[in-house]
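Trainee: Build me a model from this:
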Amino acid sequence: MSPHPRFDRVIHEPNRLQICALLTPRPSMEFAELRDELGLADAALSKHLKALETAGYVTLRKALSDGRIRTSVAITPAGREAVCGHVSELQRLARVVSPRSRAR
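Mentor: Residues are numbered from 1 along each chain as shown. Take a look at the predicted model:
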């Protein structure tokens, strides 16, 4: 079953869309790895993750590893459904504005 196309204002912000895209194919990702991949400062990434967490789209888990507290981030089932629906809506919009669709 494909997701229902639905524009999502929380996910649409470019950094949050990238966060969701990186998390979707994985069980989880370390905060530092996510930060480095996106080229964001810790504070900026934290702000975006807080918005996604508040929406119920990601979970953050802190664990002690090698004497340091490490944060891992995972997309929730609701987050996966929301990002897939958002991407479906973007694809639908792209088809609407495509020069090929106007040629018909």
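
Trainee: Distance check, the residue nearest in space to the middle of the chain against Val10.
Mentor: Nearest residue to the geometric centre of the chain (CA atoms, centre = their mean): Cys20, 1.5 Å. Distance, Cys20 to Val10, by CB to CB, to the nearest Å: 9 Å. All C-beta atoms are positioned from the backbone trio N, CA, C, and that covers glycine.

Trainee: Hmm, Leu60 is touching Ile75, no?
Mentor: No - between Leu60 and Ile75 there is no contact under CB atoms under 8 Å: 11.3 Å.

Trainee: Who has more neighbours out of those two?
Mentor: Ile75 (25 against 15; other CB atoms under 10 Å).

Trainee: That one contacts Leu23, correct?
Mentor: Yes - with contact defined as CB under 8 Å, Ile75 reaches Leu23; the gap is 4.1 Å.

Trainee: Residues that sit against both of the two, list them.
Mentor: Common contacts of Ile75 and Leu23 (CB atoms under 8 Å, 6 or more residues apart in numbering): Val58.

Trainee: Heading C-terminal from the helix or strand harbouring the residue nearest to the centre of the chain, find the next helix or strand.
Mentor: For Cys20, the host element (DSSP states H and E) is helix 14-23. Sequence order places strand 29-30 as the next helix or strand after helix 14-23, per DSSP H and E.

Trainee: Give me the contact list for that next one.
Mentor: Leu22, Leu23, Arg70, Thr71, Ser72, Val73, Ala74.
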